[in-house]
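# Next input, structure requested:
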Amino acid sequence: MDRNTKIIIFFFCLVKLSLHLIADYHSGFQGDELMHIETGNHLAFGYMEFPPLISIVAFIQNSFSSDSVFVHHLFPHLCSILIMIYVAKIVLFLGGKEKAVSLALLAIIIAPGFERSQQLFQPVVFSQLFWTISFYYFLVYCKNLENKNLWLLTIFSIIGFLFKYDSLFFIFGLSSLLFFRKTRNAL
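The predicted structure follows:
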């Protein structure tokens, strides 16, 4: 990765973080966020509504003893930055140059669904992060066929599952690729 690409990624991450901080300053908590924040005070290995790792992250946030919107949105902001970095890595891995990276990151920034879901303290942003990371390691595995990348894909898929059960759709989708001979040969 050259210096200009790093500057582009840093710029878009800075813009995204700035947008989140502006939104935090002008908003409060969404209703479901309060439920997830409260689970940090009652740790258990999962709940009927959602998997266990969101409560562990809430526990860490609650240890700051703050009711600040910024403190409770700290991890979602970090996840959104990591999503931007991994999307850039995917674009570069697939052969994209600076312009392709810029367009991909701009698309994430201007997509209203991403902005809202990546601002709130809910399992959605963690799910998006681990889907993105898992997809990156899937691509790397397809190119290099190293077992290390397959293990990383498995680990990040499991962590994603422990944040939100929708990771089963991702796992099923990747697994279904192996059912078709043409796809297996292409991979």
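
# ok, now which ones touch the residue nearest the centre of the chain?
Geometric centre of the chain, nearest residue: residue 129, 1.2 Å, by C-alpha atoms, centre = their mean. Neighbour list for residue 129: 79, 82, 83, 86, 160 [criterion: C-beta atoms under 8 Å, 6 or more residues apart in numbering]. In this view, the C-beta of every residue, glycine as well, is placed from N, C-alpha and C.

# Next: residue 1.
Taking C-beta under 8 Å, 6+ apart, we find residue 1 in contact with residue 92.

# What of residue 134?
By C-beta under 8 Å, 6+ apart, the neighbours of residue 134 are 153, 156, 157, 160, 170, 174.

# can you pull the pLDDT of the third one?
Predicted confidence (pLDDT) for residue 157: 91.

# What residues does it make contact with?
Taking C-beta under 8 Å, 6+ apart as the criterion, residue 157 is in contact with 130, 134, 167, 170, 171, 174.

# Which of those residues fall in helices?
Among the contacts of residue 157, the residues falling in helices (DSSP state H) are 130, 134, 167, 170, 171, 174.

# How much space separates the second one from residue 154?
Read that as residue 134. 9 Å (C-beta to C-beta, to the nearest Å).

# Next: the fourth one.
In this structure, residue 170 and residue 154 are 12 Å apart, going by C-beta to C-beta.

# which one of those two has more residues nearby?
residue 170 (19 against 13; other C-beta atoms under 10 Å).

# Grab the nearest non-local neighbour of the more buried one.
residue 131 (5.2 Å; C-beta to C-beta, 6 or more residues apart in numbering).
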